[in-house]
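S.K.: Just the structure for this:
(2 chains)
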Amino acid sequence: MSEERSLNFIEEIVEGDIAAGKNGGRVLTRFPPEPNGYLHIGHAKAICLNFGLAQKYNGKTNLRFDDTNPVKEDVEYVDSIKEDVKWLGFEWANELYASDYFDKLYDLAVELIKQGLAYVDDSSAEEIAIQKGTPTEPGVANQYRNRSVEENLQLFAEMKDGKYPDGAKVLRAKVDMASTNMHLRDPLMYRIKHTHHHRTGDTWCIYPMYDFAHGQSDAIEEITHSICTVEFIPHRPLYDWFIEQLALFPSKQYEFARLNLNYTVMSKRKLLQLVEEGHVDGWDDPRMPTISGLRRRGYTPASIREFCERIGVAKRENMIDVGLLEFCIREDLNKTAWRRMAVLDPVKLVIDNYPEGKTEIFHGENNPEVEGGDGSREFPFGRELWIERDDFMEEPTKKYFRLGIGLMVRLKSAYIIKGESVVKDADGNITEIHCSYIPESQSGNDTSGINVKGTIHWVSADHAKSVEVRLYDRLFQVEDPGNEDGDFKDYINPNSLHVLPTVYVEPDLINAKVGTPVQFMRKGYFTLDKNSTPDKLVFNRTVTLKDGWVKK
RNA sequence: UGCCUGAUAGUAUAAUGGUAGUACGACGGUUUUUGGUACCGUUUGUCUAGGUUCGAAUCCUGGUCGGGCAACCA
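M.R.: Numbering: from 1, shown residues only, chains lettered A, B, ... in the order given. Modelled structure (predicted):
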């Protein structure tokens, strides 16, 4: 195994801990999504990091749903998250829920009250916000801070028993109202929400806040390395404070910079807006940066894992170019996807000297990158073909290697042809191209001695199948739509979806399967859309091929 | 005005006091029945000003710039 990639800073920490014999060398990470939305490529980074660490250091990873806010959460999201993590290729050790710990968390809160380190506050949200001060002015304590342990115990029990309406009271940790760290100014631990929870039903009407659920859940599970994103750095002192006061297992929090991808948005709020306002087809629209969107677009789990490996892990803010994601999927698909011919923008080609009614069967290897071609398939050839409109130029420029009047080109896996004439309609658009073919130039036994610079793809007009193809482009016109003036939706690319209703493909493509990508030669990688029917096949373009030809 | 973070080619990421390297991109070339792939080459960098040191991207001091922090969200 030549793992030549250097360690990222978290791997260094883990290796340091193992070397120091910390936790007996045990590594237990967790991936802790809140089930309030679909996973996106940013989550993939966290997933690959957490699961990857465990794999690398003989550890395990728990999947834990951070379901402490019932008003936002739903089983729909739980199910999609599990599907996406599995699809990415990872197996969790345990499927857990913060809500599994509601009893324990309640007991821990009571414990803190007994220690005189938590109190029930009757203030309104607005009052509490004012009393907290600002980053530059210290907060001030209120009269509730001095309630007796007994009173707090009773009030907290009454909160739990449903004696108070939403917002009437909260439980707060007694830390330091004057701390320069806002999160330490007596943070809220519990709030009242008479809301049905997707797992605990109506058992509870008080729910713990993130700060009093996350670290405690980590400790209960004895997570060794609790990895989150940098915006949680200010929470770390609180994370440690609760664990220390309650003498729990000392899980440690480490932070890395979240992924930013250009030409898209990554916040759940914004993604939800795109879905709800109908700017996209749903969470799995192929233009979405969600895992399910990328899957429907034709991305493979391996390509996403490779991407996450390549972007690295550090603490500084970053903006990754989607070009890297595209590179990763091309690299993967080049080695695995079968080649097929499809004409996206068809124009009729007639071979004048080829016998009418004659059909020949040619064949082509499935994948030239694989030893032996990975098998082959057959396709028919005839007098009338479809070729790409832009593979013909009536008056070709000097560096044009395709078909033109007087120009010769090879039809992939078939004959060399020479452009002869065109037929145009009243508007001057070319409706037919006429050519002649060189009978001795048949692919495989070419005795013509002719060398041509270009090869183009084609399909037989008599045998081609018609399918729909959807071409996708970036969803936004600017690199960082969330950071522009005005609404991010003002920057949506109006041409992000281009539907080609009539694309001619070689007959074998009726065997295409959802989840099995193919390369349309010279055009890109495509995948069958999940909503295809036998009568109407729909292909999504995953990504174009790299185009090294720049028109002069 | 405060606190917490961070700063290395266009982008991302290494170098852990000792030759600033890698990948993607861009550009050029070779091969090619995909203007793809593969292969080769070129290109561009340590935020700034001082200091310590034989030697600083790395350590120290000051500054500049970016991000985060005042949800009964996570």
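S.K.: what about the helices in the stretch 51-200 of chain A?
M.R.: Ranges of helices in the stretch 51-200 of chain A, per DSSP state H, counting those that start in this stretch, are A:75-87, A:102-114, A:125-131, A:149-160.
S.K.: so which of the ones you listed gets nearest RNA strand B?
M.R.: helix A:125-131 (3.3 Å; CB to the nearest atom of the strand). Glycine gets a C-beta too; all of them are placed from N, C-alpha and C.
S.K.: Identify each buried residue in the closest one, please.
M.R.: For helix A:125-131, a neighbour-count test (16 or more other CB atoms under 10 Å) marks A:Ile128, A:Gln131 as buried.
S.K.: Likewise for stretch A:141-160?
M.R.: By 16+ other CB under 10 Å, the buried positions in stretch A:141-160 come out as A:Asn142, A:Tyr144, A:Arg147, A:Asn152, A:Leu153, A:Leu155, A:Phe156, A:Met159, A:Lys160.
S.K.: right, and A:Lys358 touches A:Arg383 too?
M.R.: Yes - using CB atoms under 8 Å, A:Lys358 is in contact with A:Arg383, at 6.7 Å.
S.K.: Including mean pLDDT, could the helices of the stretch 51-200 of chain A go into TSV?
M.R.: Listed next are these as TSV, based on pLDDT from 0 to 100:
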stretch	mean pLDDT
helix A:75-87	97
helix A:102-114	98
helix A:125-131	97
helix A:149-160	98
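S.K.: Can you redo these as TSV, where the extra columns are distance to RNA strand B?
M.R.: Compiled in TSV, the helices of the stretch 51-200 of chain A are given as follows (distance: least, CB to the nearest atom of the strand, whole Å):
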stretch	distance to RNA strand B
helix A:75-87	12
helix A:102-114	12
helix A:125-131	3
helix A:149-160	10
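S.K.: would you turn these into CSV with distance to A:Trp204?
M.R.: Output for those, formatted as CSV (distance: least, CB to CB, whole Å):
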stretch, distance to A:Trp204
helix A:75-87, 17
helix A:102-114, 6
helix A:125-131, 20
helix A:149-160, 8
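S.K.: For A:Glu244, find the nearest of those.
M.R.: Closest of those to A:Glu244 is helix A:102-114, at 11.4 Å (criterion: CB to CB).
S.K.: That closest one vs helix A:149-160, what angle?
M.R.: Between helix A:102-114 and helix A:149-160, the angle comes out at 160 degrees (axes from the mean of the first three to the mean of the last three CA atoms, to 10 degrees).
S.K.: what residues does helix A:102-114 touch?
M.R.: For helix A:102-114, contacts defined as CB atoms under 8 Å, 6 or more residues apart in numbering pick out A:118-119, A:149, A:152-153, A:156, A:160, A:171, A:173, A:189-190, A:200, A:203-204, A:207-208, A:212-213, A:216, A:220, A:242, A:245-246, A:248.
S.K.: of those, buried ones?
M.R.: By neighbour count, with 16+ other CB under 10 Å, the contacts of helix A:102-114 hold A:118-119, A:152-153, A:156, A:160, A:171, A:173, A:189-190, A:200, A:204, A:207-208, A:212-213, A:216, A:220, A:242, A:245-246, A:248 as buried.
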